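1. Sequence first, predicted model second:
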Amino acid sequence: MDIQTIILAAGKGSRMKSQLPKVLHQIAGKPLVQHVINSCQTLGATHSHLVIGHGGDLVRETVKGGRIELTFAEQIEQLGTGHAVKMALPGLKSNSPTLILYGDVPLTHHQTLRELVELHNNNPSGIALMTCHFKDATGYGRIVRDDDLKVVGIVEHKDASEQQKLINEINTGILCCNSDQLTKWISQLSNNNAQGEYYLTDIIAMAVEDGEKVETVQPDNLYEIEGINTLRQLADLERVWQRELANQLMDGGVTFRDPNRFDLRGSLTCEENVVIDVNCVIEGHVNLLQGAKIGANVCLKDCTIGPNTVIKPNSLIEDTVIEDECSVGPFARLRPGTVMKSDSHVGNFVEVKKSIIGKGSKAGHLSYIGDCEVGKNVNIGAGTITCNYDGANKHKTIIEDDAFIGSDSQLVAPVRIGKGATVGAGTTVTSDVSAESLTISRVKQKQIESWERPQKKK
């Protein structure tokens, strides 16, 4: 059976103190509402209807449906959750299970949503409702039950009596019901309440009055139902979620020096014996193979780190493939298109762009290697620069196996350094160097005796 979802994402989020629509603030590198859409996709939903308002055009441009068909409905006036759901009703498929979710409640697991849908499927004319127990339920709508513990309604905090405020089972707002039933109940809503709004929660009492069952499920984790209203709440939930992601990785065998200081803003797959030091940031899709060690303050994006490779602190690696037994850094930058072959080394303050570093080759420090093919067992001395850009076009440098490039050399591309060739320190190479030769270009050294340094004028 097709599952469709309504995602309420129209709120401005005034307490965020931001021009960005609330649902586009990010956790783990993704907009809040994108987390909700992704959970719907994993659940197997076919359609998601987003109710948008403040910043609606930006929301449309930002979110991605993937395998889900996204449609948008605009809520121009903010007249409550029931009114927001009403905006999405024309797009709903008839007689279909419909999940109602919230764009600022980002971390509900798809397994929890599946449990909610299955509960509804066992009672297709009633309502499956997600609730939660809080010690302090201040501000939340309370679940009202009769003497047989059956749900008979929900009362908002501002409308609750003193006795009802003692109830600690709260409404999360997340529910599943039949689209035809939902349409009927929404049409009967009234705004006769303290807020003067159309409460979605009022459909619970309507279902009970119609003789329909309202059944409940609870999430395994409190963070699954936490909503975002302030930047403090956003930061708190970010840390909760990052620790949850770290816990999952540790369960798979990853060692964290401190799992509370780790940020995953994409996807990460790890083999055994991977070690990650503090303050690392992972973006895009990253693979860490067996025995890889990631130092402190490292940023990895869309890369593969090979077995037993060591990434030393403060290195930045993007769109790069690094094979086994390599070392990188500290303070190295590997830019898109870089490939490091087995047992190669890039040291401190070395930048590599769109280049292949051959097996066993080394660039120890203070060098720039761009648009370059470096063969096997090449040594690149400190301060070497491949001059790959003429101001309009990029050109290639090829350094063949066993070459030795002395410190402070400039290789002006396009140029080829032959196998086993040596380039002396301080040389500017502007034409090809033949194999097994020595190339050197230096101004003849002069020595002036009894030299007096200039003195500062008084």
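-> Thanks, I have the structure now.
2. So for stretch 176-186, mean pLDDT?
-> For stretch 176-186, the mean per-residue pLDDT is 96.
3. ok, and for that stretch, which residues are buried?
-> Neighbour-count burial for stretch 176-186, counted by 16 or more other C-beta atoms under 10 Å, picks out 176-179, 181-183, 185-186. Placement of C-beta: from N, CA and C, glycine included.
4. need the contact list for residue 76.
-> With contact taken as C-beta atoms under 8 Å, 6 or more residues apart in numbering, residue 76 is in contact with residue 53.
5. Specify the local secondary structure of it.
-> Here residue 76 takes the coil state, with states given by DSSP: H, G, I helix; E, B strand; the rest coil.
6. Skipping its backbone neighbours, what lies nearest the most centrally placed residue in the chain in space?
-> Among the residues of the chain, residue 265 comes closest to the average C-alpha position under C-alpha atoms, centre = their mean, at 2.6 Å. Of all residues beyond its chain neighbours, the one nearest residue 265 is residue 29 (2.7 Å), with distances taken as C-beta to C-beta, 6 or more residues apart in numbering.
7. what bits of the stretch 251-400 of the chain have low per-residue confidence?
-> Counting by pLDDT under 70, the stretch 251-400 of the chain contains no low-confidence residues.
8. Show me what the longest helix along the chain is packed up against.
-> Among the elements of type helix in the chain, defined by DSSP state H, the one spanning the most residues is helix 231-251. The helices and strands touching helix 231-251, judged by 3 or more C-beta pairs under 8 Å, 6 or more residues apart in numbering; DSSP states H and E, are strand 26-27, strand 255-256, strand 262-270.
9. Each with direction, which strands does the last one pair with?
-> Partners of strand 262-270 in the sheet, by DSSP bridges, are strand 280-288 (parallel).
10. Now find how far off-centre the strand it pairs with is within its chain.
-> When distances are taken as C-alpha atoms, centre = their mean, to the nearest Å, strand 280-288 is centred 9 Å away from the chain's centroid.
11. Residues touching that strand, excluding its own?
-> Outside strand 280-288, the residues that touch it by C-beta under 8 Å, 6+ apart are 29, 254, 262-271, 274, 276, 294, 296-305.
12. Can you turn the buried subset of those into a selection I can paste into PyMOL?
-> Paste this into PyMOL to select the buried members of these, with burial taken from 16+ other C-beta under 10 Å:
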select buried, resi 254+262+263+264+265+266+268+270+274+276+294+296+297+298+299+300+301+302+303+304+305
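13. what about residue 125, which SS state?
-> When the structure is split into helix, strand and coil by three-state DSSP, residue 125 lands in coil.
14. what's the answer for residue 181, then?
-> Residue 181 - assigned by three-state DSSP - is helix.
15. Which of the buried residues of stretch 176-186 sits closest to residue 218?
-> Comparing the buried residues of stretch 176-186 against residue 218 with C-beta to C-beta places residue 176 closest, at 14.4 Å.
16. Who are the contact partners of residue 72?
-> Residues counted as contacts of residue 72 (C-beta under 8 Å, 6+ apart) are 49-52, 56, 59-60.
17. cool, residue 264 as well?
-> Taking C-beta under 8 Å, 6+ apart as the contact definition, residue 264 lies against 28-29, 242, 245-246, 282.
18. Walking through the stretch 101-250 of the chain, point out its strands one by one.
-> Ranges of strands in the stretch 101-250 of the chain, per DSSP state E, counting those that start in this stretch, are 127-133, 142-145, 151-155, 169-178, 214-217.
19. so which of the ones you listed gets nearest residue 420?
-> Nearest of the strands of the stretch 101-250 of the chain (C-beta to C-beta): strand 169-178, 68.7 Å.
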